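Visitor: everything below, folded, please.
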Amino acid sequence: QVLLQESGPGLVSPSQTLSLTCAVSGESITTNYLYWTWIRHAPGKGLEWMGAIAYTGGTYYSPTLKTRTSLTRDTSTNQFTLHLSSVTSEDTGVYYCTRARNLMADYWGKGTPVTVSS
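Guide: Below is the predicted model of the structure:
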């Protein structure tokens, strides 16, 4: 069974960098052809794909967020991390990490809420 668990601060101050980590169990993040993604859901808006890190370590970012987004991974702990810089209230929402295969997210974490506020 593949399980994903997000962790990180629930409250971030404006202009700071938000860092969220996804711990994966039941599957190696280096397994061929798998991608590991971050998706968020802001209040009153639809789901937004933020970026992905591939089994190779290659990274892909949303064009609207790429100047502020960085994805890293730690293969020794089977975790991957989202870094989002210069946050504003527009970055408030629930953040999900997922496993993706064949361009579809098939396993999701439960999500972690993030509020950007001073």
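Visitor: any buried residues in the helix or strand of the chain with the lowest mean pLDDT, and which?
Guide: Lowest by mean pLDDT, DSSP states H and E among the helices and strands of the chain is strand 104-108, with a mean of 95. Going by neighbour count (16 or more other Cβ atoms under 10 Å), the buried part of strand 104-108 is Ala105, Tyr107. C-beta here means a position set from N, CA and C on the backbone, and glycine is covered the same way.
Visitor: partner strands of it and their direction?
Guide: Its sheet considered, strand 104-108 pairs with strand 93-101 (antiparallel) by DSSP bridges.
Visitor: coming back round to it: and the least confident helix or strand of the chain, how far from the chain's centre?
Guide: Distance of strand 104-108 from the chain centroid (Cα atoms, centre = their mean, to the nearest Å) equals 13 Å.
Visitor: other residues contacting that strand?
Guide: Around strand 104-108, the neighbours that count as contacts under Cβ atoms under 8 Å, 6 or more residues apart in numbering are Val2, Leu3, Leu4, Glu27, Thr37, Ile39, Tyr96, Cys97, Thr98, Arg99, Ala100.
Visitor: which non-adjacent residue is nearest the fifth one?
Guide: Spelled out, it's Thr37. What sits nearest to Thr37 in space, not counting adjacent residues and going by Cβ to Cβ, 6 or more residues apart in numbering, is Ala52, at 4.2 Å.
Visitor: that neighbour and Gly93: what is the separation?
Guide: 18 Å (Cβ to Cβ, to the nearest Å).
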